[in-house]
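>>> generate coordinates for the sequence data below:
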Amino acid sequence: MKNALCLGSFDGIHNGHRNVLSVSPEYRRVVVTFKAPPKSVLSGEASMIMTLDQKCEALRRMGIKEIDVLDFLSVKDMSANEFLKMLLEKYNPGLISCGFNYRFGKGGEGDINLLKDFCDKNGINLRVCEPVKDNQTVISSTMVRGLLQNGEIEKANEFLYEPFSFITEVVEGDKRGRTIGFPTVNQKYPDQLVKLKFGVYKTKVEFDGESYIGITNIGIRPTFKSDYIISETYIKNFSGDLYGKILKITPIKYLREETKFSSLEELKRQIEIDLKK
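As a prediction, the model looks like this:
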């Protein structure tokens, strides 16, 4: 069975990515991707839709057994032709599948035309996927990031293989929540992920094989300021100590913006309103 190379960053594994990954079963799919999207590495801006671990796990759930993760810094200075030669020697592909705007080589000098010439010369089938659109808008990782940054979590999730989520350890907080009857679990929001619009979300909370509904504030807590982006979650119908546990938080719906409260009593009243929502 020949290899089908599926090339791309696959950040978020949105509808367009899934088109690239949908190759004929006569080929063995090999995903060639990066630890982080090249744009993110070059700009120095942490804005991934999913971590590398999340991406690889999702790809495996899609039935892809071979995933080769490249360090972008190790290939960014290769010429386009050197990059293609590396693909040929390392993977011996029978087919290459990529998106319409795939670029490669130093400075992104390589394009689809160069890739087509390379495939023709080496007897490799080429599958270039046209853009997938929502109305007239091309679905892309950049588009999805914009939705997440704007609080349009429901819309963003329509295009992703799995709803946006983050998985981090519970850290010790200041324990104010328990004084008003709404104890929360605190987590540092992952540095590498795209920054969600600050505010309060209805969330799905998962740990120890169980799933709960929660209300999560993501931001810097204007009432009691934090030095980092923090996720504070009140878990409905749960009580117990979760310090040190790893929780998966999946935002479902954006409820409201972050608000600075003048008192704990005012905060308590707002949480009660959020719960009713």
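>>> contacts, neighbours, all on C-alpha from now
Fine.
>>> check which helix or strand covers residue 143.
Assigned by DSSP states H and E, residue 143 falls within helix 141-149.
>>> for that helix, packing partners?
helix 153-159 (3 or more Cα pairs under 8 Å, 6 or more residues apart in numbering; DSSP states H and E).
>>> now the helix it packs on: average pLDDT?
Per-residue pLDDT over helix 153-159 has a mean of 97.
>>> got the contact list for it?
For helix 153-159, contacts defined as Cα atoms under 8 Å, 6 or more residues apart in numbering pick out 14-15, 139, 144-145, 147-148, 163-164, 251-254.
>>> out of these, which comes closest to residue 128?
Nearest to residue 128 out of the contacts of helix 153-159 is residue 15 (Cα to Cα; 14.7 Å).
>>> neighbours of that closest one, just the number please.
20 (other Cα atoms under 10 Å).
>>> angles on the backbone of it, please.
phi -60, psi -40 (degrees, to the nearest 10).
>>> hang on, it packs against residue 132?
Yes: with contact defined as Cα atoms under 8 Å, residue 15 counts as touching residue 132 (6.8 Å).
>>> overlap in contacts of those two?
In contact with both residue 15 and residue 132: residue 139, using Cα under 8 Å, 6+ apart.
>>> send me the helix holding residue 143 as PDB with only the CA atoms.
Extracted in PDB, the C-alpha atoms of helix 141-149 (Å, rounded to 0.1, in the frame of the first residue of the first chain):
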ATOM      1  CA  SER A 141      -7.900  28.400  11.100                       C
ATOM      2  CA  THR A 142      -7.600  32.200  11.000                       C
ATOM      3  CA  MET A 143     -11.400  32.600  10.600                       C
ATOM      4  CA  VAL A 144     -12.100  30.200  13.500                       C
ATOM      5  CA  ARG A 145      -9.600  32.000  15.800                       C
ATOM      6  CA  GLY A 146     -11.400  35.200  15.000                       C
ATOM      7  CA  LEU A 147     -14.700  33.700  16.100                       C
ATOM      8  CA  LEU A 148     -13.200  32.400  19.300                       C
ATOM      9  CA  GLN A 149     -11.600  35.800  20.100                       C
END
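>>> what about the helices in the stretch 51-200 of the chain?
In the stretch 51-200 of the chain, the segments counted as helices under DSSP state H, counting those that start in this stretch are 52-61, 72-75, 80-91, 112-122, 141-149, 153-159.
>>> lowest-confidence stretch among these?
The bottom spot among these, by mean pLDDT, belongs to helix 72-75, with a mean of 87.
>>> and that one, what's buried?
Buried residues in helix 72-75, counted by 16 or more other Cα atoms under 10 Å: 72, 75.
>>> then stretch 32-39?
32-38.
>>> of the contacts of helix 153-159, which pair is most distant in space?
Top of the distance list for the contacts of helix 153-159 (Cα to Cα): 15 and 254, 22.6 Å.
>>> report pLDDT for residue 263.
56.
>>> mind showing which ranges of the stretch 151-277 of the chain have poor pLDDT?
Scanning the stretch 151-277 of the chain for pLDDT under 70 picks out the ranges 173-182, 221-227, 259-274, 276-277.
>>> tell me where it has strands.
Secondary structure of the stretch 151-277 of the chain by DSSP state E, counting those that start in this stretch: the strands cover 166-171, 185-188, 199-207, 210-219, 230-235, 246-256.
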